[in-house]
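*Asks:* pasted the sequence and its predicted model underneath.
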Amino acid sequence: MKNLSKVYLFYFISALLCVFVLLTIQKKGKAARPVSISEHEYSIIEKLNYKQPVTIVAYGDSITWGYDRDTRGNVSQVQHPYPKVLEKQLRKKYGYNKINVINKGHPGWTSIQALENLEEEVLNYHPDLVISMFGINDARGHMKYSPNALPVPVDHYKENNRQILQKLKENGIEVVVISPTTITNNKNNGKKTQVYYITAIKSLAQEEKIQYVNGGDISIHGNLYDGIHFKAEKYRLIAEKLMSDIF
């Protein structure tokens, strides 16, 4: 009977060890790279760490686009707008090239155009992450893109952005919101009223639990050439801010 008990004990301990080993292997497998999980269930940082293909849409106005104007008044896009710099820095940091940052900046656009064109400009690309930055033209008004060339009311600006954020979230897209960078040009009193738009987008990001980056932290000392737009070589500061705060 003693020998029989020892045999049962041996098999019981062996079975426990097998279960333990299987659970350990399963746990390690999940940590390394679960195969069955949907790709959309990874966060953007996890995708970058796992070296998965990543698509980021930078959605914004002329600051995102990379606006430049020469002494003759000819408008052009700078050679290195911030989305291009961000793509290069992400590829360097994470060590692979399947990271694409799509520049969807549009000079003059307000939150009105951002909401109206969200499907075509953003959702059609099925991005993993959207970096949204609007507000300068809302605060100043734009002769082509804001009603009667007047500022977009702050509450309308906030509601437009709320709908944008909610639609992105509904599609399983991560979002980073950057508040408008500081301006010194005072058209329509925009220099003074901009603070209300910054406050609105910051509070919205908190309400919607969206990652927020303070565009006002980006120094404009010696960086602006017209009170709004960055000097060509300074757009990189936006990418560097994102790398520091998000990536």
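*Replies:* All right, it came through fine.

*Asks:* going forward, measure contacts between C-alpha atoms and count neighbours the same way
*Replies:* Noted.

*Asks:* so what are the sheet partners of the helix or strand encompassing residue 175 and their directions?
*Replies:* Using DSSP states H and E, residue 175 sits in strand 174-178. In the sheet, strand 174-178 lines up against strand 129-133 (parallel), strand 211-213 (parallel) (DSSP bridges).

*Asks:* correct me if wrong: residue 54 contacts residue 48.
*Replies:* Yes. With contact defined as CA atoms under 8 Å, residue 54 reaches residue 48; the gap is 7.2 Å.

*Asks:* okay, the two: which has more neighbours?
*Replies:* Higher neighbour count among residue 54 and residue 48: residue 48, with 21 against 17, using other CA atoms under 10 Å.

*Asks:* quick check: the more buried one is in a strand.
*Replies:* No. Counting by DSSP: H, G, I helix; E, B strand; the rest coil, one finds residue 48 to be helix, located in no strand.

*Asks:* ok, it - contacts?
*Replies:* Residue 48 sits next to 54, 94 when contact means CA atoms under 8 Å, 6 or more residues apart in numbering.

*Asks:* from residue 213, how far off is it?
*Replies:* According to CA to CA, to the nearest Å, residue 48 and residue 213 sit 20 Å apart.

*Asks:* now for this protein, the helix or strand with the poorest mean pLDDT.
*Replies:* Taking mean pLDDT, DSSP states H and E as the measure, the chain has helix 2-32 as its least confident helix or strand, at a mean of 55.

*Asks:* how many other residues sit next to residue 148?
*Replies:* Neighbours of residue 148 under the rule other CA under 10 Å: 11.

*Asks:* quick check: phi and psi at residue 134.
*Replies:* Backbone torsions of residue 134, given as degrees, to the nearest 10, read phi -130, psi 160.

*Asks:* so what pLDDT did the residue lying closest to it once chain neighbours are set aside get?
*Replies:* Nearest non-adjacent residue to residue 134, counting by CA to CA, 6 or more residues apart in numbering: residue 60, 5.4 Å away. Per-residue pLDDT puts residue 60 at 98.

*Asks:* could you look up the SS state of residue 209?
*Replies:* Assigned by three-state DSSP, the conformation of residue 209 is coil.

*Asks:* tell me the bridge partners for the residue nearest the centre of the chain.
*Replies:* Nearest residue to the geometric centre of the chain (CA atoms, centre = their mean): residue 131, 2.6 Å. Beta bridges link residue 131 to residue 58, residue 176 when assigned by DSSP bridges.

*Asks:* so it sits right up against residue 61, yeah?
*Replies:* No. Using CA under 8 Å, residue 131 makes no contact with residue 61, being 11.7 Å away.

*Asks:* coming back round to it: got the CA coordinates for the strand holding residue 175 in CSV?
*Replies:* Provided in CSV are the C-alpha atoms of strand 174-178 (Å, rounded to 0.1, in the frame of the first residue of the first chain):
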residue,chain,number,x,y,z
GLU,A,174,-5.8,56.3,-30.9
VAL,A,175,-5.7,60.0,-30.8
VAL,A,176,-3.2,62.7,-29.6
VAL,A,177,-4.4,66.3,-29.5
ILE,A,178,-1.9,69.1,-29.7
